[in-house]
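Enquirer: have a look at this prediction, sequence included:
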Amino acid sequence: MSGGGLAPTFSYVGEGRDVDAEALLRPVIETAGFELVQAVRAREHGREVLRVVVDRSDGLDVDSLAELSELVSRRLDEAGFEIGPYDLQVSSPGIERPLARPEHFRRFLGERVKVKTTAPLAGSRTHTGTLIAADDDAIVIAVDGDERRVAHAEIASARTVVDWDAELKRSNA
């Protein structure tokens, strides 16, 4: 896996050269009417996993994800994606969605987020608070009355955070 900070992309050797998997998959995903949120390669339970997280403005359903999975799988095969045996997972971002690119952060201004940094900031690598600003260079999070500016390159991972107590109270009302 390459990159750090806000670069969840990874590259692999395909067709005798380094290939950026997100750049490879983005056209297929966007042509099918989806947004590529993130593509990450991980090792889970001793197996390689390629997790492709997508979203769509009118929502997602199992059938549309299955169809997109076929398109993604076909594109990977055509490009010679060979990392050995792997599982392809195409899924929605879920309720606590990952934030990977500047436009993701801008979309969720005012929301509660959890950001993990590559190095300690204000004595911690984990920062949970309200996302109050975002541009192409950095984000600003309000944490316990303190504003913390974090450059995108210093973000190891980020996601929205749901207040589960409030959600449960709402669902029981």
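Expert: In hand now; what should we look at?

Enquirer: surely residue 146 meets residue 122?
Expert: Yes: when contacts are counted by CB atoms under 8 Å, residue 146 is listed as touching residue 122 (6.7 Å). In this view, the C-beta of every residue, glycine as well, is placed from N, C-alpha and C.

Enquirer: tell me which residues in the longest helix belonging to the chain are buried?
Expert: Of all the segments of type helix in the chain, defined by DSSP state H, the longest one is helix 62-78. Residues of helix 62-78 classed as buried: 64, 65, 68, 69, 71, 72, 76 (neighbour count, 16 or more other CB atoms under 10 Å).

Enquirer: what does stretch 75-93 give?
Expert: 76, 81, 86, 90, 92, 93.

Enquirer: any idea which of those residues is least confident?
Expert: Lowest pLDDT of the buried residues of stretch 75-93: residue 81, 78.

Enquirer: name the element it belongs to?
Expert: For residue 81, there is no host helix or strand (DSSP states H and E).

Enquirer: state the distance from it to residue 52.
Expert: Residue 81 is 12 Å from residue 52, where distance means CB to CB, to the nearest Å.

Enquirer: again with residue 27
Expert: From residue 27 to residue 52 the distance is 13 Å (CB to CB).

Enquirer: now residue 119
Expert: For residue 119, the distance to residue 52 equals 29 Å [CB to CB].
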